[in-house]
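>>> dropping the sequence and predicted coords here.
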Amino acid sequence: MLTARKIKTLAYGACFLTVLYYFGVFTHLFESEFKHHFRYPYDGDIEELVQQLRSNATPKVPPINTYNFRFAKSSSNKCKNVENLRLVFLVKSAPEHFDRRLAIRSSWGFEHRFSDVEIRTVFLLGERSDATSQLKIRKEFESYKDIVQANFTDDYYNNTYKTMMGFTWAARFCPNARFYMFVDDDYYVSTKNLLRFIRNPTAYPNYLEPAKQRKLHQYDFDLDVNVRLYAGFVFVSAPHRHRTSKWYVSLSEYPYDMWPPYVTAGAYVVSREALLDMYYASFYTKHFKFDDIYVGLLAYKCKIEPYHCDQFYFNKLGYNFEDYKYLVATHGYGDPFELVKVWTQQRAKNSA
C-alpha cells in the first residue's frame with residue numbers, strides 16, 4: 001500500500017526525472033561520438049563531386065540539396081567590369097534596419113575608402129509581408145543599388161538561407177573577388193585591418209611591428225590565390241540539448257556529441273577558392289537551421305580547416321584606441337550613431 005511518504009517520494013522523483021529530461025541530460029546519453037562516427041548527408045566523399053560541378057561537368061552523384069533562390073533584387077552589376085577586386089562585404093541585414101545600412105555605407109562599408117583597393121558592399125535581406133517595408137526597400141535599392149533580396153522570410157531560423165543566398169550571389173554574380181567577408185549589420189569592422197589580415201593571416205598582427213614590417217617590405221607578399229581561407233573566431237563546441245535553449249537541437253536533427261569546428265557567423269572571411277568549394281559543397285550537404293553550423297559543415301566536408309584569429313570578437317569589445325588598434329571586427333554596434341562615432345575616431349588614428 002502506498003503511504004503518503006511514498007507518494008511524495010515518487011512525485012519528487014518524477015519531477016526530478018522530468019527536469020533532467022527537459023534539460024537534455026538523458027539526450028546526451030544517446031549521442032554518437034563525432035570523432036569516430038560522424039556522417040552527414042550526403043554520406044560520402046564530396047571533393048570529386050565539387051570539382052565536377054565547378055568545371056560544369058555532370059557529377060557522378062546527383063545533388064541532394066539545391067537552394068533555388070529567386071532574386072527580387074540582385075544588384076547583379078555590382079562587380080561587373082571591376083579589375084583586381086580585392087574584397088566584397090556581404091552584410092546580413094534585417095529589412096527594417098535602414099539606419100544601420102546607412103551607417104555602414106558611410107563608414108566601414110564605404111566602397112571608395114582606399115583609392116588603390118577595389119571593394120564592394122552588398123546587403124543580404126529576406127522578405128517581409130509588410131508592404132510598407134518592401135516599398136522602402138525598393139526605394140533604397142533604387143538609390144544605392146546594393147540590396148540583394150530573395151524569396152524567403154527574413155527570420156532568425158532562416159539565417160542559413162540568407163547566408164547561402166550570399167554564397168549563391170557571389171558565385172553567380174561576383175565570382176572573381178579575392179576575398180569575401182560575411183558580417184552582421186551590428187558589427188564594427190576595421191576595413192584597413194581586415195585588408196592587413198588577409199594579406200598575411202598567420203602572422204597578423206605581429207608582422208605589423210616596425211622591425212618585422214621593414215623585413216616584410218623586402219618581399220611582394222600576398223596570400224596565394226589557391227589558398228582556401230575560412231577565418232574568424234573559431235568555436236569547438238557541443239550541441240545544446242536543453243529544450244529551453246534558443247539553439248536547441250534534437251538527436252534526429254544532429255545525433256553527435258560535438259559540432260565540427262566552425263567560425264561564429266557574425267563575422268568571417270573566406271577566400272575565393274574556399275567560397276566556391278563551399279558553395280558547391282552545399283549541393284551535397286543537407287540543410288541545417290543554424291548558419292554558422294551549416295557553414296562549418298560545408299568546410300568540414302571540403303576538408304577546409306577554420307583559422308582562428310583573436311582580433312575577431314563575437315561579443316562587444318569595449319572601446320579604446322589601443323584595444324582597437326589591430327581589431328578586425330567586433331559585435332555590439334546596433335546603434336548606428338555609436339558605430340559611426342567609433343569608426344570616425346579610429347579613422348582619425350589611421351586604424352579604420
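That came in fine, so what should we check first? Residues are numbered from 1 along each chain as shown.
>>> and T244, how many neighbours?
9 (other Cβ atoms under 10 Å). The way it works is simple: take the backbone N, C-alpha and C, and place the C-beta from them, glycine included.
>>> list the contacts for Y187?
Going by Cβ atoms under 8 Å, 6 or more residues apart in numbering, Y187 touches G266, A267, A329, T330, H331, Y333.
>>> residue closest to the middle of the chain?
A265 (3.4 Å; Cα atoms, centre = their mean).
>>> dump the residue contacts of it.
Per Cβ under 8 Å, 6+ apart, neighbours of A265: N159, T163, F182, D184, F290, D291, D292, V295.
>>> looking at those, spot the one nearest H240.
F290 (10.0 Å; Cβ to Cβ).
>>> assess the claim that the closest one and T160 are in contact.
Yes: counting by Cβ atoms under 8 Å, T160 is a contact partner of F290 at 6.9 Å.
>>> isn't there a strand covering the residue nearest to the centre of the chain?
Yes: the assignment for A265 (DSSP: H, G, I helix; E, B strand; the rest coil) places it in a strand.
>>> domain-wise, how is this structure divided?
Taking automatic domain parsing as the criterion, the chain consists of the domains 4-30, 40-348.
>>> coming back round to it: most neighbours among the contacts of A265, which one is it?
V295 (28 neighbours).
>>> where does that one land in three-state SS?
Relying on three-state DSSP, one would call V295 helix.
>>> run through who's touching the helix or strand containing A299.
According to DSSP states H and E, A299 maps onto helix 291-301. With contact meaning Cβ under 8 Å, 6+ apart, helix 291-301 is reached by 40, 46, 159-160, 162-164, 230, 235, 259-265, 268, 274, 278, 281-282, 284-285, 287-288, 305-306.
>>> now do the contacts for the residue nearest to Q311 when sequence neighbours are not counted.
Residue nearest to Q311 in three dimensions, not counting chain neighbours: V328, with 4.4 Å by Cβ to Cβ, 6 or more residues apart in numbering. Going by Cβ under 8 Å, 6+ apart, V328 touches V189, S190, N193, L194, F197, A267, C309, Q311, F312.
>>> please apply the same query to L195.
Counting by Cβ under 8 Å, 6+ apart, L195 has contacts R86, L87, F114, V117.
>>> doesn't it fall inside a helix?
Yes: under three-state DSSP, L195 sits within a helix.
>>> give me the phi and psi for L125.
phi -130, psi 150 (degrees, to the nearest 10).
>>> I figured it was touching S93, is that so?
Yes: L125 is within contact range of S93, at 5.8 Å (criterion: Cβ under 8 Å).
>>> so which of those two has more stuff around it?
Legend: neighbour count by other Cβ under 10 Å for L125 and S93, higher for L125 (28 against 25).
>>> and stretch 180-189, C-alpha only, in PDB?
Listed next in PDB are the C-alpha coordinates belonging to stretch 180-189 (Å, rounded to 0.1, in the frame of the first residue of the first chain):
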ATOM      1  CA  TYR A 180      34.600  37.800 -49.200                       C
ATOM      2  CA  MET A 181      33.500  38.900 -45.700                       C
ATOM      3  CA  PHE A 182      30.200  37.800 -44.400                       C
ATOM      4  CA  VAL A 183      29.200  40.100 -41.500                       C
ATOM      5  CA  ASP A 184      26.100  41.000 -39.500                       C
ATOM      6  CA  ASP A 185      24.800  44.600 -39.600                       C
ATOM      7  CA  ASP A 186      25.500  45.100 -35.900                       C
ATOM      8  CA  TYR A 187      29.300  44.800 -36.200                       C
ATOM      9  CA  TYR A 188      32.100  47.300 -36.300                       C
ATOM     10  CA  VAL A 189      34.700  46.400 -38.900                       C
END
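>>> mean confidence for it?
Per-region confidence: stretch 180-189 scores 98 on mean pLDDT.
>>> same question for stretch 223-236.
For stretch 223-236, the per-residue pLDDT averages 96.
>>> in it, what's buried?
Using 16 or more other Cβ atoms under 10 Å as the test for burial, stretch 223-236 gives L223, R228, L229, Y230, A231, G232, F233, V234, F235.
>>> narrow the residues you listed to those in strands?
Y230, A231, G232, F233, V234, F235 (DSSP state E).
>>> of all those residues, which comes closest to A171?
Closest to A171, out of all of those and judged by Cβ to Cβ, is Y230, at 15.5 Å.
>>> run through the residues that contact the closest one.
263, 268-271, 274, 278, 295, 299, 304-307.
>>> what do you get if the cut-off is 7 Å, keeping everything else the same?
Contacts for Y230 were tallied using Cβ atoms under 7 Å, 6 or more residues apart in numbering; they are V263, Y268, V270, A274, A299, I304, P306, Y307.
>>> and G332, by the same measure?
D186, N315, K316.
>>> counting neighbours, what do you get for the first one?
Neighbours of D186 under the rule other Cβ under 10 Å: 21.
>>> show me the contacts for it.
D186 neighbours (Cβ under 7 Å, 6+ apart): R100, H331, G332, Y333, G334.
>>> appreciated, that's everything.
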